[in-house]
Each structure stands twice: as structure tokens, then as C-alpha cells.
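> Here is a sequence together with a model predicted from it:
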Amino acid sequence: MTEPSVHHGEFTIERNYDTAPEAVFAAWSSAEAKQQWFFGPVGKWTQLERRLDFRIGGSERVRGQITEGPVTSFGAYYHDIVANRRIVYSYDMHLDAQRISVSLATIQFKPHGKGTKLVLTEQGAFLDGYDDAGSREQGTRGLLANLDAALRR
């Protein structure tokens, strides 16, 4: 049996969108809108569950199956929401029944010309060698690229 381990990491991503903060914020605030960009690898992931109660004290759950692989599970709790300006939530990630991380995420929406500067900061505890801040940052950058594509549609 391997000894339990934890690695702490933090990253910040800044990204500009050509859409007003209200529209970028709205893409985070409903299950229908978020489903357009918050998902696993295209063609390699099938959604099993999605629910979102977007309010302070609310929660979110997204589960999916990687083709011929594990079930991924994202479970979040919303601590702070300031409409069109800020979202703060904590979440954990699982592969099948194995918890792989616990994180605190802060998303800020700042007016930037006619668009939005999004600033996402994540502080994570990555457990037992399953994940790390670098790979989580890479995955988050992919999700934010998906968000850009959804906003352009």
C-alpha cells in the first residue's frame, strides 16, 4: 500500500473575452449555459450527470465517463457570488471513488474595453499523486478556451 500524500499548488489564469462581463458571468450561472463549455475531452467523455444550484450555499455536480476509463466527478459548493463580478467556490474531483483533489477557486470578471478580463485563481490540495497544479491548469485553460468558443456562437 502506498503512503497517502498531498501536494499543494496554486495558479492564476488571465483571459480576455470580447463579450461584456454580464454575458461571461451568465455562462457560469446556469446548467444549460455551462453545459456548452464545461465538459470533458470531446469524443472521449460522456456526460452522466449535471446539476447546478447557482447561489451562495448552492452546489454543482458534473459526472462523466471517459471512454473505456474511469468516471470523473466534479462536486462544488458556492461560497460567494457577486453578480457579474466574482464567484468563489470550493470543489473536489474524483476518478471513480478515488478523491484526487480539493480546491478553492476564485473567478473575477473585470470590464476590459467592450469586453471582459477574466481572472481565475485556484489553490489546490492534490492527493496521492493523481493530479498536480500544472495538469489542472492545463485542463482549466482548455475549459476557458471552450468558454470562448461558446461565447462566440
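Yes, it's here.

> tally of neighbours for Tyr78?
Residues contacting Tyr78 under the criterion other CB atoms under 10 Å number 19. Yep, even glycine has a C-beta here, placed from its N, CA and C like the rest.

> What's the per-residue pLDDT of it here?
pLDDT recorded at Tyr78 is 98.

> repeat for Met1
So, for Met1, pLDDT stands at 47.

> now Glu68
Note on Glu68: pLDDT of 89.

> go on, the one 5 residues further on?
Ser73 carries a pLDDT value of 96.

> I'd guessed it sits against Ala97; true?
No - shown here, Ser73 and Ala97 do not form a contact pair, counting by CB atoms under 8 Å, at 9.1 Å.

> Please say which of these two ends up with more neighbours.
Ser73 (20 against 8).

> Name the SS class of that one, please.
At Ser73, secondary structure determined by DSSP: H, G, I helix; E, B strand; the rest coil is strand.

> what's the spacing between it and Gln65?
10 Å (CB to CB, to the nearest Å).

> quick one: terminal-to-terminal distance for stretch 36-54?
For stretch 36-54, the first-to-last residue distance is 16 Å (CA to CA, to the nearest Å).

> what residues does that stretch touch?
Contact with stretch 36-54 is made by 27-31, 34-35, 58-67, 71-72, 78, 81, 143, 146-147, 149-150, 153, as judged by CB atoms under 8 Å, 6 or more residues apart in numbering.
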